[in-house]
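Asker: quick one: sequence plus predicted model below, questions after.
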Amino acid sequence: MASVLSYESLVHAVAGAVGSMTAMTVFFPLDTARLRLQVDEKRKSKTTHMVLLEIIKEEGLLAPYRGWFPVISSLCCSNFVYFYTFNSLKAVWVKGQHSTTAKDLVVGFVAGVVNVLLTTPLWVVNTRLKLQGAKFRNEDIVPTNYNGIIDAFHQIIRDEGILALWNGTFPSLLLVFNPAIQFMFYEGLKRQLLKKRMKLSSVDVFIIGAIAKAIATTVTYPLQTVQSILRFGHHRLNPENRTLGSLRNILYLLHQRVRPHLEKH
């Protein structure tokens, strides 16, 4: 219990939360463009800068920062939970021994699952608030009308049921593998570089970290798209209007997003 409630775990959790909040604030407009492209697939502009210019022109200069507070709040809670759980589990399991890659992957996976189950309601709410007031090209998207975080929670529970707060949980759980894929490529690239030189510089570490993250994001991007759509929860998916959370509709959404790209090629 002392390991779980240790000062070191708290420091790691706070550092992870503050670091992620800083990074998200700096790149928030890019995240706004990503979310629009994922949810509103009928938008003609497909490049990031064109989407941002379109958003600013149609919705105002501050539109790329719409929903900043709920997103930052969710990110802070999410990373705090993840890093606190990761370091607490690691302290309990390793207990002074040398950590191994396998142990780190297992602990990271468990911490990711705990994080998803605890913080998905926050991400559902912030996704909806971030997209509120957006001018969509897809006529199948139903607009939302929330007066803030508390009102969003209230309306979702009242109109859709409490389980709607966990929309997108299944793809989110699958996306826990994202860091595992990233870690695998990172270690592989690092080993290749170390065969050619004795020590890696900070620039080397940054570059291979960026490459590993890019690969992991590319591999899991279709699931990230489905996750965003399910969290938003205001698409008319098909004529029968079946519930969003079913595995059938997750596969349906993947098929709908992947098919146009396959037909082009």
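Answerer: Structure's in. What do you need?
Asker: low-confidence ranges, the chain, go.
Answerer: The model of the chain has pLDDT under 70 over residues 1-9, 12-13, 16, 41-46, 94-99, 101, 234-265.
Asker: 50 instead?
Answerer: Along the chain, segments meeting pLDDT under 50 span 1-3, 238-244, 262, 265.
Asker: so which residue is smack in the middle of it?
Answerer: Among the residues of the chain, the one closest to the centroid is Q224, at 6.8 Å (Cα atoms, centre = their mean).
Asker: measure how far the helix or strand where that residue lies is from the centre of its chain, please.
Answerer: Using DSSP states H and E, Q224 maps to helix 202-232. Chain-centre distance of helix 202-232: 9 Å, with Cα atoms, centre = their mean, to the nearest Å.
Asker: which helices and strands sit right next to that helix?
Answerer: Counting contacts by 3 or more Cβ pairs under 8 Å, 6 or more residues apart in numbering; DSSP states H and E, helix 202-232 is packed against helix 28-39, helix 101-131, helix 169-174, helix 177-194, helix 247-264. From N, CA and C alone the C-beta is placed, and that goes for glycine too.
Asker: chain center to the shortest one: distance?
Answerer: So that's helix 169-174. Using Cα atoms, centre = their mean, the distance between the centre of helix 169-174 and that of its chain works out at 10 Å.
Asker: which helices and strands does that helix pack with?
Answerer: Packed against helix 169-174, as judged by 3+ Cβ pairs under 8 Å, 6+ apart, are the following elements: helix 101-131, helix 202-232, helix 247-264.
Asker: between those, which one is closest to T22.
Answerer: Proximity to T22, assessed across these by Cβ to Cβ, is greatest for helix 202-232 (16.4 Å).
Asker: ok, now how distant is the closest residue to N126 other than its chain neighbours from T32?
Answerer: Distances taken as Cβ to Cβ, 6 or more residues apart in numbering place P70 nearest to N126, at 3.8 Å, with adjacent residues excluded. Between P70 and T32 the distance is 13 Å, computed by Cβ to Cβ, to the nearest Å.
Asker: please apply the same query to V142.
Answerer: Separation of V142 from T32 (Cβ to Cβ) stands at 20 Å.
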